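**Student:** Next one to model:
(one chain, ligands or ions: 1)
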Amino acid sequence: IAWNNTPLRNPNNKIIGTISIGEDITDKLKVDKIKGEFISIVSHELRTPLSSIRGALGLLASGVLDEKPDTAKHMLNIAVADTERLVRLVNDILDLERLESSRITLNRHWYDVTELCEQALKTMQTLTTDHQIQIVSNVPSLQIWCDRDRLVQTIVNLLSNAIKFSPPHSEVRFDVYSTTQDILFKISDQGRGIPENSLESVFERFHQVDASDSRQKGGTGLGLAICRSIIQQHGGKIWAESVLSQGSTFSFTIPHHLG
Ligand code: ADP
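**Tutor:** Next up, the predicted model:
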């Protein structure tokens, strides 16, 4: 609360008291925080691909297209990749905003876990072939009470990360278990691992362990923040464990529906 004090005077202009008006500035602080985050997103996340696109288009405009067609093609590819990254970034920012402001309610029904996981695995086919990764999965037939699209989105995000951060010819494991309280999902890779001090912060928006991760791996730094938001809305938990240069395991739970 911000207080505004004004002296209270009698007809002879003598101060006889103070009028204090308190203003609840919680909402104002929230707006300031959102504004600050927005400026930081624009300055760090959007400016880099935009500068790169401007650079590539500038070179093309200066005549490189006729003189050096190979260089021109390379420049065009950079501009396309950065534009795609910008589109992904804007979509992810909007998705996270919708999830966190709770403007989206989950569309929950009963689903078969096996069928839902198969849908997620199908989406991964191109990425696994490109990265020469084998996914070994063990998913029991269970019923789950969830928002199907949102759960598939979470699994796809975690599997994509596992593949992106793994060396070629390695294995990614995808296991589902039923425990007393929840259904437990585990996605493990044999990749570079995550330092201990980043195991929690990787779930924060725009946290990337290596500054080059977003450019090299095409990520937006929002995937895990989106996963966390989805799992929390389901009443579950999500966490990461890792041994450096041996691999990482991302786990999440979805409670059994109790009526
Ligand atoms: P990104 O779009 O960068 O993948 P995420 O929110 O999905 O964004 O992940 C945030 C960061 O966490 C990544 O940039 C990477 O540094 C780290 N990370 C996520 N998954 C893994 C993994 N399986 N192995 C190693 N590092 C990972």
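
**Student:** what's the burial count for I16?
**Tutor:** Using other Cβ atoms under 10 Å, I16 has 9 neighbouring residues. Bear in mind the C-beta positions are built from the backbone N, C-alpha and C, glycine included.

**Student:** right, I mislabeled it, should have said D66
**Tutor:** 7.

**Student:** same thing with S166?
**Tutor:** S166 has 21 neighbouring residues, counting by other Cβ under 10 Å.

**Student:** In contact with it: list those residues for me.
**Tutor:** Residues in contact with S166 (Cβ atoms under 8 Å, 6 or more residues apart in numbering) are 131, 133, 172, 189-191, 247.

**Student:** Among the residues you listed, which lie within strands?
**Tutor:** Members of those lying in strands (criterion: DSSP state E): 172, 247.

**Student:** residue of the stretch 101-250 of the chain with the smallest distance to the ligand?
**Tutor:** G219 (2.1 Å; Cβ to the nearest ligand atom).

**Student:** any idea how far S43 is from that residue?
**Tutor:** 19 Å (Cβ to Cβ, to the nearest Å).

**Student:** again with I155
**Tutor:** From I155 to S43 the distance is 33 Å (Cβ to Cβ).

**Student:** same check, this time on V202
**Tutor:** From V202 to S43 the distance is 22 Å (Cβ to Cβ).

**Student:** More neighbours: which of G219 and S43?
**Tutor:** A count of neighbours by other Cβ under 10 Å puts G219 above the other of G219 and S43, at 21 against 10.

**Student:** Could you look up the SS state of the more buried one?
**Tutor:** coil (DSSP: H, G, I helix; E, B strand; the rest coil).

**Student:** change the start of the numbering to 44 and stick with it
**Tutor:** All right, first residue 44 from here; so that's G262.

**Student:** And it, what's its pLDDT?
**Tutor:** pLDDT, the model's per-residue confidence, is 76 for G262.

**Student:** Settle this for me: the residue of the stretch 144-293 of the chain closest to the ligand is touching I206, isn't it.
**Tutor:** No. Using Cβ atoms under 8 Å, G262 is not in contact with I206; the gap is 11.9 Å.

**Student:** Show me what the longest helix seen in the chain packs onto, helices and strands only.
**Tutor:** With secondary structure taken from DSSP state H, the chain has its longest helix at helix 112-143. Counting contacts by 3 or more Cβ pairs under 8 Å, 6 or more residues apart in numbering; DSSP states H and E, helix 112-143 packs against helix 90-102, helix 266-276.

**Student:** Following the chain onward from the shortest one, which element is next?
**Tutor:** Okay, so that is helix 266-276. Using DSSP states H and E, the next helix or strand after helix 266-276 towards the C-terminus is strand 281-286.

**Student:** The longest one too?
**Tutor:** Sequence-wise, the next helix or strand downstream of helix 90-102 (DSSP H and E) is helix 108-110.
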